[in-house]
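In: got a predicted structure here, sequence first:
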Amino acid sequence: MTRKGISKYTREKAAFSILRISLFLVLLILGIILYDIASKGLGVISWEFLTQPPRAGMTAGGIFPAMVGTFYVTVLAALLAVPLGIATAIYLNEYAQKGSLTRLIRISLRNLAGVPSIVFGLFGVALFVQKFGWGASLLAAGMTLGLLTLPVTVTAAEEALKTVPRSYREGGLALGATRWQMISTLVLPPAIPGMLTGVILGLARAAGETAPILFTGAAFFLPFLPGSPFSQFMALPYHLFVLATQHHDISTVRPLAYGTALVLLVLVFLLNLGAIVLRYRFRGHLQKGR
Amino acid sequence: MEATMNLKDKDFVPFKEEQPNSSRVVVYYDPKSNGTGKRPARKEKVKVEKLAFYYGTKQALQNINLDIIANEVTALIGPSGCGKTTYLRIINRMNDLIPGSRIEGKVLIDGEDIYGPEVDVVELRRRVGLVFQQPNPFPKSIYENVAYGPRIHGIRKKSLLDEIVEESLKQAALWDEVKDRFKDSALSLSGGQQQRLCIARVLAVRPEILLMDEPTSALDPVATQRIEDLIRTLASNYTIIIVTHNMQQAARISDTTAFFLLGEMVEQGKTSQIFTRPRDRRTEEYITGRFG
Ligand SMILES: Nc1ncnc2c1ncn2[C@@H]1O[C@H](COP(=O)(O)OP(=O)(O)O)[C@@H](O)[C@H]1O
Ligand SMILES: [Mg+2]
């Protein structure tokens, strides 16, 4: 069974090698980035760095306000994106008729997911900062990030809903459950871990975004923590951007920039790890059927 | 008998919590209460008139006139795709869920048009229980599976739930096997046990009619035997319609048999008559083709 020239086994080997080399390359690049950031950033990580505001024109001190700001703004984004995203997904997947309208909504969501984040930033300025009169603030930035995460959240939640077998739904309805009873008692419980996994991945992405918060509330330098949802705030990605490109003495603060990058990376990793753990437990639960 | 019949009235409100340990509930399940000895006169529970059903443009049923007698087991037989499942799901309006489907004709339960504008579909589905071809327990504990129906119908009281769960599991002949492992996942049961659990789950909402769509097709012979015994026992309290591929099964457990072919109901009669002296040549061909 040979074709002229190269046998199918040789082809198989060649294909496999190419795939393996690609994987290796990806891992290598990832490794180099991580090593670069870790080796240059680890030196500045200290208790002071993690718990103090920047000092001396941001050439010394820490990044505590930026960490807190990123935390707050991510929580606010979650407060918008999680309920709205899950509700939208439930509507689309469980209630909406499969018609041209729902198809249009889905296509819009897909496209929204591809809109550059700077566009979300401009939209946030127009809507939250100006129209709603919230000014440049935690709230405006959080909502902007929330909108950015929304398409991902909806898609992830829909995927999770689709994994719930039809037989559960039919079983519930056949017992005289209303649609909402069926959804809330039989569909959501097994779907929620999967939804959260998607939500966390989306938020992890959002936490690292600079463009959407740039005009909507992130501050260049604020030595204190935000006091209300209408305060401006420092955030890790923006702080990193400032240290790397906007500072008057970029070469001096370079190690601080790496330290900030490392903290941001660790934060995102932790979030992703949470998502993985959730997904893992979700699988276990499905198999045990609890 | 009088009390039993009353409980099955269409305006019977299940699960009045204000009367726990209600004698109604107990009477309903007490086999002795059924014991005046004589069966009630044969009376139609379900009347179907000039029924036609379409999936989009595809017609799945045409001109079906098929009445179901109360407290009997009616078997629906016929080759795959002839519309048995479609007919069954019309009776508890599960077909409503299929986009683009359309129904013509009349379906009456106790004289009431179940497709009428006043009908509460949710309540209808409580009254008309459906057991699926594949056992489909929820990914919950054994107890929670049976308690699911009563809970969604508003029962909160633990003692009443316990009572319903126990009665339903006993009725479904599963009690002895699971009474020590209520908290285990329903998915840890065998296929036959899962199907009996699904039957218990349906019984727990006190239906009047039981629809069963090839309930034993996924089961081994021993489990099948148990379900068949169970169906015979339940027949004294419920009106049962069972779809089956297995003609010996229809002959063993049903009082009435209806033969479907290509979306039409060809012949309906006493099971003994259908299997010994079918009137229609197509029925005879189908039966002998399978038996001989
Ligand atoms: N959801 C559906 N959409 C379109 N056609 C269907 C659907 N369900 C069943 N049918 C068709 O309707 C006919 C009757 O099906 P069914 O009632 O399932 O038959 P049976 O249970 O006797 O095997 C078949 O031709 C089948 O292909
Ligand atoms: Mg079928």
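Out: Thanks, I have it. Ligands and ions are numbered 1, 2, ... in the order given.
In: contact partners for residue B:264?
Out: Neighbour list for residue B:264: B:61-64 [criterion: C-beta atoms under 8 Å, 6 or more residues apart in numbering or on different chains]. No exception for glycine: its C-beta is placed from N, CA and C like everyone else's.
In: dig out what it forms beta bridges with.
Out: With DSSP bridges as the criterion, residue B:264 is bridged to residue B:261.
In: separation between it and residue B:211?
Out: Distance, residue B:264 to residue B:211, using C-beta to C-beta, to the nearest Å: 20 Å.
In: lowest-pLDDT helix or strand in chain B?
Out: Ranking every helix and strand in chain B by mean pLDDT, DSSP states H and E puts helix B:23-29 at the bottom, with a mean of 34.
In: pLDDT of the next helix or strand after that helix, averaged?
Out: Counting by DSSP states H and E, the next helix or strand C-terminal to helix B:23-29 is strand B:44-55. The average pLDDT within strand B:44-55 is 92.
In: just how off-centre is the helix or strand that strand B:44-55 is followed by within its chain?
Out: Of the helices and strands lying after strand B:44-55 in sequence (DSSP H and E), the nearest is strand B:58-64. How far strand B:58-64 lies from its chain's middle: 22 Å, per C-alpha atoms, centre = their mean, to the nearest Å.
In: quick check: buried residues in strand B:58-64?
Out: Neighbour-count burial for strand B:58-64, counted by 16 or more other C-beta atoms under 10 Å in any protein chain shown, picks out B:60-62, B:64.
In: count of neighbours near residue 186?
Out: With no chain named, the answer covers chain A. Neighbourhood size, residue A:186 [other C-beta atoms under 10 Å in any protein chain shown]: 26.
In: wrong one, I was asking about chain B
Out: Residue B:186 has 24 neighbours, counted by other C-beta under 10 Å.
In: hang on, residue A:106 packs against residue A:92?
Out: Yes: using C-beta atoms under 8 Å, residue A:106 is in contact with residue A:92, at 6.9 Å.
In: so between those two, which is more surrounded?
Out: Neighbour totals were compared for residue A:106 and residue A:92, and residue A:92 leads with 19 against 15 (other C-beta under 10 Å).
In: the more buried one should be in a helix, yeah?
Out: Yes: Residue A:92: assigned to a helix according to DSSP: H, G, I helix; E, B strand; the rest coil.
In: in this structure residue A:121 contacts residue A:218, no?
Out: No: contact criterion C-beta under 8 Å: residue A:121 and residue A:218 do not qualify, at 10.0 Å.
In: so which of those two has more stuff around it?
Out: When residue A:121 and residue A:218 are compared for neighbours, residue A:218 comes out ahead with 28 against 23, by other C-beta under 10 Å.
In: show me which residues of stretch B:141-155 are buried.
Out: B:141-153, B:155.
In: now narrow the residues you listed to whatever sits close to chain A.
Out: Filtering the buried residues of stretch B:141-155 for neighbours of chain A using C-beta under 8 Å from any C-beta of the partner chain leaves B:141, B:148-149, B:152-153.
In: and the residue of the stretch 101-250 of chain B found nearest ligand 1, what does it touch?
Out: At 6.3 Å from ligand 1, residue B:243 is the closest residue in the stretch 101-250 of chain B, using C-beta to the nearest ligand atom. Shown in contact with residue B:243 (C-beta under 8 Å, 6+ apart): B:75-77, B:84-85, B:88, B:212-214.
In: and if we set it to 10 Å?
Out: Contact criterion C-beta atoms under 10 Å, 6 or more residues apart in numbering or on different chains gives B:74-78, B:84-85, B:87-88, B:133, B:211-215, B:217, B:250, B:260 as the residues in contact with residue B:243.
In: among those, the buried ones, what's the PyMOL command?
Out: A single PyMOL command is used to select the members of the contacts of residue B:243 judged buried by 16+ other C-beta under 10 Å:
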select buried, chain B and resi 74+75+76+77+78+84+85+87+88+133+211+212+213+214+215+250+260
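In: the contacts of residue B:243 in helices, which ones?
Out: B:84-85, B:87-88, B:250 (DSSP state H).
In: next, format those as a markdown table and append pLDDT and distance to residue A:11.
Out: A markdown table is the format used below for the ones in helices among the contacts of residue B:243 (pLDDT from 0 to 100; distance: C-beta to C-beta, whole Å):
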| residue | pLDDT | distance to residue A:11 |
| --- | --- | --- |
| B:84 | 93 | 51 |
| B:85 | 94 | 48 |
| B:87 | 94 | 54 |
| B:88 | 94 | 53 |
| B:250 | 92 | 56 |
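In: which one of these sits closest to chain A?
Out: Nearest to chain A out of the ones in helices among the contacts of residue B:243 is residue B:88 (C-beta to the nearest C-beta; 10.9 Å).
In: correct me if wrong: that closest one contacts residue B:76.
Out: Yes: Residue B:88 is within contact range of residue B:76, at 7.1 Å (criterion: C-beta atoms under 10 Å).
In: which residues do these two both contact?
Out: The contact sets of residue B:88 and residue B:76 overlap at B:211-214, B:241-243 (C-beta under 10 Å, 6+ apart).
In: output the residues you listed in JSON lines; the columns should cover pLDDT and distance to residue A:46.
Out: Below are these laid out as JSON lines (pLDDT from 0 to 100; distance: C-beta to C-beta, whole Å):
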{"residue": "B:211", "pLDDT": "95", "distance to residue A:46": "71"}
{"residue": "B:212", "pLDDT": "94", "distance to residue A:46": "71"}
{"residue": "B:213", "pLDDT": "94", "distance to residue A:46": "69"}
{"residue": "B:214", "pLDDT": "91", "distance to residue A:46": "70"}
{"residue": "B:241", "pLDDT": "95", "distance to residue A:46": "76"}
{"residue": "B:242", "pLDDT": "95", "distance to residue A:46": "75"}
{"residue": "B:243", "pLDDT": "95", "distance to residue A:46": "73"}
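In: mark which of those are part of strands, please.
Out: Of the shared contacts of residue B:88 and residue B:76, the ones assigned to strands by DSSP state E are B:211-213, B:241-243.
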